[in-house]
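1. sharing a model that was predicted from the sequence below.
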Amino acid sequence: MAQNTKQNLKASTVPMSGIAALMAAAGHKFEDFVYGDVTVPMRAVTILQMLRLCRRFPSLIQVIEGKDLRAALLAAGDDAVAAFIAFACDAEGDAEFEAWLKSAPDDLLEDIAIFAIKVTFRDEPVEVFFLKFLRRLQAEGIIPKDPEDENELLAA
């Protein structure tokens, strides 16, 4: 029996590897959104989720291009805002939640939308979210650098 315990201990100290280990190790960082007595854990919307939002709501591409977030949201409409909030609530594709958000009280909607934006973009302009990713792809040589696309937001 003691031998079996030693083997179990040894097995548990061996570093995990593979996809399952990666999925277990790389979790999102959640922050609590509080509304009254209700707490909802929220996290940053990922780059791939943002790309899915842009595919679903093409007018959001304006944000990547450095255009005004307000104009992009107005063009995309309430479906885009509800989808963005759902992504941040880790409820991607939850049609019931998205439908409910579109008729939620204004005070809640404003608070949860602002929280989702802050938790995703932190203190950076929205377009920097994408530009950092593009700059990294350029630095790795995956996409060529385009001198016409240089942006002073990332120059610092």
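-> Sure thing, it's come through. Since this is a predicted model, take the numbers as computed values, not measurements.

2. residue 31 sits in which helix or strand?
-> Assigned by DSSP states H and E, residue 31 belongs to strand 30-35.

3. from the contact counts, what lies against that strand?
-> Helices and strands touching strand 30-35, by 3 or more C-beta pairs under 8 Å, 6 or more residues apart in numbering; DSSP states H and E, are strand 38-43, helix 106-121. For glycine as for every other residue, the C-beta is placed from the backbone atoms N, C-alpha and C.

4. swap in 10 Å and give it another go.
-> When contacts are defined as 3 or more C-beta pairs under 10 Å, 6 or more residues apart in numbering; DSSP states H and E, strand 30-35 sits against strand 38-43, helix 78-88, helix 106-121.

5. and the contacts of stretch 47-67?
-> For stretch 47-67, the external contacting residues (C-beta atoms under 10 Å, 6 or more residues apart in numbering) are 44-46, 68-69, 71-77, 79-81, 83-84, 86-88, 92-93, 120, 125-134, 149, 151, 153.

6. now it: buried residues?
-> Neighbour counts over stretch 47-67 (16 or more other C-beta atoms under 10 Å) mark 49-50, 52-54, 57, 59-64, 67 as buried.

7. just these now: which is nearest residue 143?
-> Comparing the buried residues of stretch 47-67 against residue 143 with C-beta to C-beta places residue 64 closest, at 14.1 Å.
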